[in-house]
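Novice: show me how the following folds:
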Amino acid sequence: MGSLQLFPHIKFPLPSQYTISFSCNLQHLLSPCNRTNTNRCIDSKIKQAKVVLCSSQQQEVEEHSEEEEFQVLTAIQSSYNHIVILDTPKSRLLLLDSTNNVHSIFNKGSKWTGSYWDEFATLPPMVPRGPIAIFGLGGGTAAHLMLELWPSLQLEGWEIDEILIDKARDYLGLTDLEKQNMAGGVLNVHIGDVFSSSVAIPGGYAGIIVDLFSDGKVLPQLQEASTWLELNNRLKSNGRFMVNCGAGEDGLSEINDAVSQNEDLSMDGTWEINATIKALCKAFPGQVNWKKMPKSAGENYLALTGPLADMATWSADLPPELSSSVHQWRTC
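Specialist: The predicted structure follows:
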């Protein structure tokens with residue numbers, strides 16, 4: 001399950017009984033608390049938020065930020081994750097690990113997220129017919145949009161954390177995707193380690209979306225070319241990987257900012273700051289493409305294996321929300 005750095009840390013345990021109204025914005029409320037006295041810290045922040053509403057600056061605050069509400073639906077420790085699910089008026093958010101980065105978004109209206117999850121929905125026109133796997137299913141954000149746009153898809157979602165899947169079924173609409181729709185599409189959920197040989201299927205997957213993170217970082221196995229060569233055995237002929245490669249290495253923020261703000265993403269060598277893309281290029285020389293999401297969408301690097309398709313054809317096969325974004329892909 002991937003990572004999107006939208007919020008600072010939340011400390012455990014969280015008071016799930018609270019519904020919190022505030023105008024200072026969600027990020028303020030989720031700023032770091034004293035780990036040994038969490039409930040008192042959260043109480044203090046709630047009071048601070050309410051004071052703002054009653055202050056003489058109320059009008060100025062309302063001009064710059066909407067009043068929001070959120071509720072902690074669940075906060076639980078599994079064998080693999082700290083799991084927190086927040087409910088807001090517009091969406092539900094899955095936060096994981098000590099980083100508490102957002103790993104899934106379940107919008108109550110449109111399935112569009114404005115982030116890298118949307119990009120995964122560009123894969124189906126680029127691969128042969130057949131099942132598409134999602135390694136790192138998380139709360140199912142990508143699966144929701146993919147089945148809405150491509151309702152006949154057979155998705156095979158793999159997730160190692162069974163408790164996370166249970167919570168996603170309870171709060172993030174995952175159960176709805178596990179029921180075959182009118183077009184025959186369905187999400188089949190599997191619990192297990194994607195690096196196990198049991199993940200392979202006869203004939204191979206038409207495509208594999210890889211979104212594997214732990215503690216806010218890409219799994220180290222994905223930074224080894226040997227891992228990709230092994231995973232490649234699970235693809236059909238002409239099948240492809242689409243990978244969330246996370247951000248660049250620490251200390252290279254200036255390069256990252258230059259890429260995210262540049263309209264022409266073909267700056268030579270910028271992809272080389274990402275260890276996952278470098279491993280892919282070593283495994284599949286000349287067959288790896290990359291792009292970097294803008295700052296507003298999390299700044300994640302993405303990779304796509306296989307020859308770069310005709311952009312006009314690919315773009316025409318996609319809905320308007322995605323048709324222009326494919327032109328940002330560049331071959332390493």
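Novice: gap between stretch 275-293 and the chain center?
Specialist: Distance, stretch centre to chain centre, for stretch 275-293: 19 Å (CA atoms, centre = their mean, to the nearest Å).
Novice: tell me the buried residues in it?
Specialist: 275-281, 283-284, 287-293 (16 or more other CB atoms under 10 Å). Placement of C-beta: from N, CA and C, glycine included.
Novice: tell me the mean pLDDT over stretch 71-91?
Specialist: Stretch 71-91 shows a mean pLDDT of 93.
Novice: tell me the buried residues in that stretch?
Specialist: Under 16+ other CB under 10 Å, the buried positions of stretch 71-91 are 72-76, 78, 80-87, 91.
Novice: and what of stretch 297-314?
Specialist: By 16+ other CB under 10 Å, the buried positions in stretch 297-314 come out as 297-306, 309, 314.
Novice: still on that earlier bit, among the buried residues of stretch 275-293, which are located in helices?
Specialist: Per DSSP state H, helices hold the following members of the buried residues of stretch 275-293: 275-281, 283.
Novice: now, which of the buried residues of stretch 71-91 lie within strands?
Specialist: 72-76, 82-87, 91 (DSSP state E).
Novice: how about the contacts made by I201?
Specialist: I201 is in contact with 131, 156, 234, counting by CB atoms under 8 Å, 6 or more residues apart in numbering.
Novice: what about W158, neighbour count?
Specialist: 20 (other CB atoms under 10 Å).
Novice: ok, it - contacts?
Specialist: Per CB under 8 Å, 6+ apart, neighbours of W158: 133-137, 190-192, 194, 199.
Novice: show the buried residues in those.
Specialist: 133-137, 190, 194, 199.
Novice: nearest to L96 among the residues you listed?
Specialist: G136 (11.0 Å; CB to CB).
Novice: which phi and psi does that closest one have?
Specialist: phi 100, psi 60 (degrees, to the nearest 10).
Novice: check it and give its pLDDT.
Specialist: 97.
Novice: can you count the residues close to the nearest residue to it once chain neighbours are set aside?
Specialist: Closest residue to G136 apart from its sequence neighbours, by CB to CB, 6 or more residues apart in numbering: D211 at 3.8 Å. If you count neighbours by other CB under 10 Å, D211 ends up with 26.
Novice: from the contacts of W158, pick the one nearest Y171.
Specialist: L137 (14.7 Å).
Novice: close enough to count as contact, the closest one and G157?
Specialist: Yes: L137 lies in contact with G157 (CB atoms under 8 Å); the separation is 3.6 Å.
Novice: need the overlap of contacts for these two.
Specialist: Between them, L137 and G157 share the contacting residues 143, 189, judged by CB under 8 Å, 6+ apart.
Novice: next, count neighbours for the nearest residue to S296 once chain neighbours are set aside.
Specialist: Take S296 and drop its neighbours on the chain: the residue closest to it by CB to CB, 6+ apart is G114, 7.5 Å away. Other residues lying near G114 total 15 when counted by other CB under 10 Å.
Novice: helix/strand/coil for G114?
Specialist: coil (DSSP: H, G, I helix; E, B strand; the rest coil).
Novice: do the one 5 residues further on as well
Specialist: Per three-state DSSP, the local secondary structure of E119 is helix.
Novice: any low-confidence regions in this structure?
Specialist: Low-confidence segments of the chain (pLDDT under 70): 1-68, 100, 248-269.
Novice: go with 80
Specialist: For the chain, the stretches flagged by pLDDT under 80 are 1-69, 98-100, 247-271, 296-298.
Novice: would you map the helices across it?
Specialist: Counting by DSSP H, the helices of the chain are 26-29, 38-54, 58-64, 116-120, 141-149, 162-171, 174-177, 225-232, 253-261, 275-283, 311-316, 320-323.
Novice: which strands and helices sit next to the last one?
Specialist: What that stands for is helix 320-323. Applying 3 or more CB pairs under 8 Å, 6 or more residues apart in numbering; DSSP states H and E, we find helix 320-323 packed against helix 116-120.
Novice: that'll do, ta.
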